[in-house]
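> Take a look and give me a structure for this.
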Amino acid sequence: MIACFLLLPFYNNAQNNPYWQEPSREQVDSLKKMLTVSTNDTLKMYVDREIALYYQESNRPAALQYYEEMLTLARKTKQPVWEAEALSRNGYVSCSIQNYSGGLKFLLVARSLASQDGIEKGMWRPALLSFKNDAYHARITVLAGIYQHLAIVNYFTGEYAKSLQLHQIVHQLNNQLQDDAMMSLSWMNSGEAYRGQGNLDSAESAFNRSIIYSDRSGHKKYKGLTYWNLGKVYEQRNKPKEAKEFYRRSIKSNIESESPDFEGMAYQSLADISQSDGNADSLFYFSRKALNIYHHINDTLGLIAANSSLSSAFDRVHQMDSAYQYLKKAIALKNGLNKEERIKSFQVAGVSEQLKLEEQKAEQLRTISRIRTYSFIAGIILLIFIAAMLYRNSRRQRRDKIKIEQAYAELKSTQQQLIQSEKMASLGELTAGIAHEIQNPLNFVNNFSEVSNELIDEMNEELNKGDIEEAKIISSDIKQNLEKINHHGKRADAIVKGMLQHSQSSSGKKESTNINKLADEYLRLAYHGIRAKDNSFNATLKTDFDETIGHINMIPQDIGRVLLNLLNNAFYAVDQKKKSGIEGYEPTVSISTKKLADKVEIKVTDNGNGIPQKIVDKIFQPFFTTKPTGQGTGLGLSLSYDIIKAHRGEIKMNNKENDGTIFTILLPALP
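Take a look at the predicted model:
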């Protein structure tokens, strides 16, 4: 009864998802009393979590202690979803205090556990982790939180691309959850990764989205941190005025949400800008504000930054003794925190982790020994040298970035030109085949036109004779001829339109297409195109079309390019084998279609020499070709692969060296 009474305020003040609710300072005092009197392990497990949430950003050592107690109780009570949540929180807080190796271990175990289907059966009080009061929903919420924390760890260690990939998984999981608070955090952390990559526009967009979701959800714990990140974006754009405005917003928001860690970061950033502006009074004020906060929450990194700022402030007013004292404190703190070595531990966590950690400890001792030998003057010179190097490197990086962007733009332009050249080359190969195909209907049109002209003369003669019946018979023949002229005219029109479609850039719009008709048409066009180049070339053409397929959704000109490329390669292969002089060899190229369960299979087969086994793995690589110089761009199969993948299909090759090749295309069938 007492437990229910104490937990009641949480339900009344909860946001949309109780997963995010945090107790107030007064409620934490009540919860601590509950821990001392309660004998219910599951209840104590939940209370440990709530107290740890309160301390998570303000007193991380205390938070870690409560999360460890939560983990012990979750395992004792055999609550795997709660255990995964405890592991996830332990991992996040461990990494927040730079224990990357230990934090990563917690998170990897948490992900493995929460990814298991069915562990939510028998879960205690899912309503405390899910606004739907659903155990499955609670497990997915915890799993999304784990991926969120893994993404943050990768950001901490500079793995920005990996961090963004993990945030994509968070977004996918949140499609089930529809949790605005989760999206607010994910967009904020994504923005930090973009900022780490130097992609400031994407970073700003992500931070603005985070604020929208924060306001929508009511979960504003990290809104102040988001404002601080926006300040950093504008500071990187060399807009200190706008940056300072966001830092002030950050301070206000962090005070409201009781987030002293982020409040200290904002004060420290204002101190850094004051140092750049040469404003000694502001530098003293903001540095001391930051230092007081970091002392209160025992944040080592913050203390290093604040002590360094105060050292610079005293240096500006020529109080060298005080400057030396604060610099000495900053260096002493750095000696106890070798972040780069811990990052290496994260990157090599595995079989050799213990050896690496031992090496890091030895390196740390050597570093401490070297730093202790520096005098105050040497330290000042070192700081000036580092500042000069950073400034020079920054300028060089900006110049290199411009050069890289220019080179990349030129590369993209060249790539587009090559792709267009490949398309025009395939159009050229079609031209001869089209000329042959269009000749037949045009011959029919000419012949039937001449016959119809003669029949009109005969009909006029019969009319002059007064033989109406004979004239009617002749007019019927003329009508049939006109129908045939119309039919073959439409056939010629279709061929021309097909050529135009092939030459144009794809619109990207799928159409319902008869795949059998398309395959048969490109088989004939490719064959006559080859014969136009070499009229001595002959080959047996075989087709085996599954008439039950009907129409499927595709971009016909793109799939036509794929078929044309495969068929041209097949005709080239059998022609080369024929020219080798093998007695009794009959070149054969076949194309077939078959309907499978939910796919359509297209096969292009030849009985040429096949592909040498040593180059089989390279055939889909751009610019790789086995044809002589000038006869192939090396882009045909690469583009074909990309087109089929864009259709959510597969393209595979079965090869028997000296005995031919089979290319198989699998496309989704029309629903």
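> can you list contacts of the helix or strand hosting residue 291?
Using DSSP states H and E, the element containing residue 291 is helix 280-297. Helix 280-297 has contacts (CB atoms under 8 Å, 6 or more residues apart in numbering) with 58-60, 260-261, 263-265, 267-268, 270-271, 274-275, 299, 302-303, 305-307, 309-310, 312-313, 316-317. Every C-beta, even on glycine, is put in place using the N, C-alpha and C of the backbone.
> now do stretch 51-67
22-23, 25, 28, 31-32, 35, 48-49, 70, 86, 89-90, 92-94, 96-97, 221, 258-262, 297-298.
> ChimeraX command to pick out the buried ones of those?
To isolate in ChimeraX the members of the contacts of stretch 51-67 that are buried, counting by 16 or more other CB atoms under 10 Å, one can use:
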select :22,23,28,31,48,49,70,86,89,90,92,93,94,96,97,221,259,260,261,262,297
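> Closest to the centroid, which residue in the protein?
In the chain, the centroid-proximal residue (CA atoms, centre = their mean) is residue 165; its distance is 5.4 Å.
> Mind telling me what element it is part of?
Here residue 165 is assigned to helix 160-177, by DSSP H and E.
> Check which residues of stretch 582-601 are buried.
For stretch 582-601, by 16+ other CB under 10 Å, it's 587-593, 595, 599-601.
> Which pair of those residues spans the longest distance?
Spatially, the most separated pair among the buried residues of stretch 582-601 is 587 and 599, at 29.8 Å (CB to CB).
> just to revisit the earlier point, just give me the closest of the buried residues of stretch 582-601 to residue 542.
residue 590 (3.6 Å).
> Need the pLDDT of the closest one.
pLDDT recorded at residue 590 is 95.
> partner residues bridging it?
residue 542, residue 605 (DSSP bridges).
> That one contacts residue 545, correct?
No: between residue 590 and residue 545 there is no contact under CB atoms under 8 Å: 10.9 Å.
> worst-scoring helix or strand of the chain, pLDDT-wise?
helix 2-13 (a mean of 43; mean pLDDT, DSSP states H and E).
> Not counting sequence-adjacent ones, nearest residue to residue 97?
residue 60 (5.3 Å; CB to CB, 6 or more residues apart in numbering).
> Quickly note the distance from residue 584 to residue 577.
12 Å (CB to CB, to the nearest Å).
> If you could redo that for residue 556, that was the one I meant.
From residue 556 to residue 577 the distance is 31 Å (CB to CB).
> do the same with residue 479
Distance from residue 479 to residue 577, by CB to CB: 51 Å.
> can you check residue 125 too?
Taken as CB to CB, the span from residue 125 to residue 577 is 73 Å.
> now swap in residue 44 and tell me
79 Å.
> which helices and strands sit right next to the helix or strand that contains residue 309?
Using DSSP H and E, residue 309 falls within helix 300-316. Packed against helix 300-316, as judged by 3 or more CB pairs under 8 Å, 6 or more residues apart in numbering; DSSP states H and E, are the following elements: helix 260-277, helix 280-297, helix 320-335.
> avg pLDDT for the helix holding residue 165?
Rounded mean pLDDT across helix 160-177 is 92.
> go on, stretch 295-304?
82.
> In that stretch, which residues are buried?
297, 299, 301-304.
> Return the most buried member of the helices and strands packed on helix 300-316.
Comparing the helices and strands packed on helix 300-316 on average neighbours per residue, with mean count of other CB atoms under 10 Å, the densest one is helix 260-277 at a mean of 23.
> from the chain's centre, how far out does that one sit?
33 Å (CA atoms, centre = their mean, to the nearest Å).
> CA atoms only for that helix, dumped as CSV, please.
Taking Å, rounded to 0.1, in the frame of the first residue of the first chain, the C-alpha atoms of helix 260-277 are listed here in CSV:
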residue,chain,number,x,y,z
PRO,A,260,23.9,20.8,-14.4
ASP,A,261,26.3,18.9,-16.7
PHE,A,262,24.8,20.5,-19.8
GLU,A,263,24.5,23.8,-18.0
GLY,A,264,28.3,23.7,-17.3
MET,A,265,29.0,22.9,-20.9
ALA,A,266,27.1,26.0,-22.0
TYR,A,267,28.9,28.3,-19.5
GLN,A,268,32.2,26.8,-20.7
SER,A,269,31.4,27.5,-24.3
LEU,A,270,30.6,31.1,-23.5
ALA,A,271,33.9,31.3,-21.7
ASP,A,272,35.7,29.9,-24.8
ILE,A,273,34.0,32.6,-27.0
SER,A,274,35.0,35.3,-24.4
GLN,A,275,38.6,34.1,-24.7
SER,A,276,38.5,34.4,-28.5
ASP,A,277,36.9,37.9,-28.2
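> pLDDT on it, on average?
pLDDT averaged over helix 260-277 gives 88.
> now for that helix, which elements pack on it?
Using 3+ CB pairs under 8 Å, 6+ apart, helix 260-277 sits against helix 223-236, helix 240-256, helix 280-297, helix 300-316.
> before we move on, the earlier item: of the helices and strands packed on helix 300-316, which approaches residue 564 most closely?
From the helices and strands packed on helix 300-316, taking CB to CB, the stretch that ends up closest is helix 260-277, at 59.8 Å.
> so residue 71 makes contact with residue 90?
Yes: using CB under 8 Å, residue 71 is in contact with residue 90, at 6.2 Å.
> Just send the helices and strands packed on helix 260-277 back as JSON lines, with distance to residue 567 too.
Listed next are the helices and strands packed on helix 260-277 as JSON lines, based on distance: least, CB to CB, whole Å:
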{"stretch": "helix 223-236", "distance to residue 567": "53"}
{"stretch": "helix 240-256", "distance to residue 567": "60"}
{"stretch": "helix 280-297", "distance to residue 567": "70"}
{"stretch": "helix 300-316", "distance to residue 567": "64"}
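> Ok, which of the ones you listed comes nearest residue 524?
helix 223-236 (59.4 Å).
> What mean pLDDT does the closest one get?
For helix 223-236, the per-residue pLDDT averages 93.
> if I look at residue 52, how far off is residue 68?
9 Å.
> Can you pick out the residue with more neighbours from the two?
residue 52 (25 against 16; other CB atoms under 10 Å).
> For the stretch 51-200 of the chain, just list every one of the helices.
60-76, 80-96, 100-114, 135-156, 160-177, 180-197, 200-217 (DSSP state H, counting those that start in this stretch).
> Need the winner for burial among those helices.
Most buried of the helices of the stretch 51-200 of the chain, by mean neighbour count (mean count of other CB under 10 Å): helix 80-96, with a mean of 26.
> how far off helix 100-114 does it point, in degrees?
Computed by axes from the mean of the first three to the mean of the last three CA atoms, to 10 degrees, the angle separating helix 80-96 from helix 100-114 equals 160 degrees.
> how much does helix 80-96 deviate in direction from helix 135-156?
Going by the same axes, to 10 degrees, helix 80-96 makes 10 degrees with helix 135-156.
> Next, the angle from helix 80-96 to helix 260-277.
Using the same axes, to 10 degrees: helix 80-96 against helix 260-277 is 20 degrees.
> on contacts alone, who are the packing partners of helix 80-96?
helix 41-55, helix 60-76, helix 100-114, helix 135-156.
> Check the average confidence over that helix, would you?
So the average pLDDT for helix 80-96 ends up being 93.
> Stretch 66-74 now?
Mean predicted lDDT for stretch 66-74 stands at 95.
> quick one: that stretch to chain centroid distance?
For stretch 66-74, the distance to the chain centre is 35 Å (CA atoms, centre = their mean).
> now swap in stretch 173-183 and tell me
Using CA atoms, centre = their mean, the offset of stretch 173-183 from its chain centre is 18 Å.
> Ok, stretch 137-149 next?
Worked out by CA atoms, centre = their mean, stretch 137-149 lies 19 Å from the chain centre.
> residues in contact with it?
Residues contacting stretch 137-149 (CB under 8 Å, 6+ apart): 17, 19, 81, 84-85, 87-88, 91-92, 95, 107, 110-111, 114-115, 119-120, 123, 126, 129-130, 166-167, 169-170, 173-174, 176-177, 179, 182, 185-186, 189.
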